[in-house]
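**Q** give me a model of this one.
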Amino acid sequence: MDVRTGEVPTEPIVRNSALAFTALLDRLDAVIDPGKETHVVLDNGSSHTAKHTKAWFEAHPRRPAHWTPPHASWLNRVELFFSALVRRVLRHGDLSSRDA
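**A** Reported below is the predicted structural model:
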């Protein structure tokens, strides 16, 4: 989430894995100004703590990772954003597919 604008880039994923997550990080890295240091705040989900993901962060020092303490998801602003989205929109929706 861009803390200045509130913009949250989103992308549907088929499976939550370290490979899918680092592919997203690669796409974000390609569009963020190379001269700008960007801090990434993560919860302790398995795709965020996998060796593959940690290796990605070691290879991209301008994108340091910060993990929230276990059992403290309320610290994660993006999680709050998606929680509100689910409560306001998705929970009451009659959607025919994942894309819908």
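
**Q** please report phi then psi for Val41.
**A** phi -100, psi 130 (degrees, to the nearest 10).

**Q** output the contacting helices and strands for the longest helix that the chain contains.
**A** Longest helix in the chain, counting residues (DSSP state H): helix 18-31. Helices and strands touching helix 18-31, by 3 or more C-beta pairs under 8 Å, 6 or more residues apart in numbering; DSSP states H and E, are helix 46-49, helix 51-59. Where you see a C-beta, it was placed from the backbone N, CA and C, and this is true even at glycine.

**Q** burial-wise, tell me which of those comes out on top.
**A** The highest mean neighbour count among the helices and strands packed on helix 18-31, using mean count of other C-beta atoms under 10 Å, belongs to helix 46-49: a mean of 16.

**Q** contacts made by it with the rest, please.
**A** Residues outside helix 46-49 that contact it (C-beta atoms under 8 Å, 6 or more residues apart in numbering): 16-18, 20-21, 42, 53, 65, 67.

**Q** hmm, back to that, could you tell me the least trusted of the helices and strands packed on helix 18-31?
**A** Here the helices and strands packed on helix 18-31 differ in mean pLDDT, and the lowest is helix 46-49 at a mean of 90.

**Q** how about the contacts of helix 46-49 in TSV, adding distance to Arg77?
**A** Compiled in TSV, these are given as follows (distance: C-beta to C-beta, whole Å):
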residue	distance to Arg77
Asn16	19
Ser17	23
Ala18	22
Ala20	21
Phe21	18
Leu42	12
Thr53	20
Ala65	15
Trp67	14
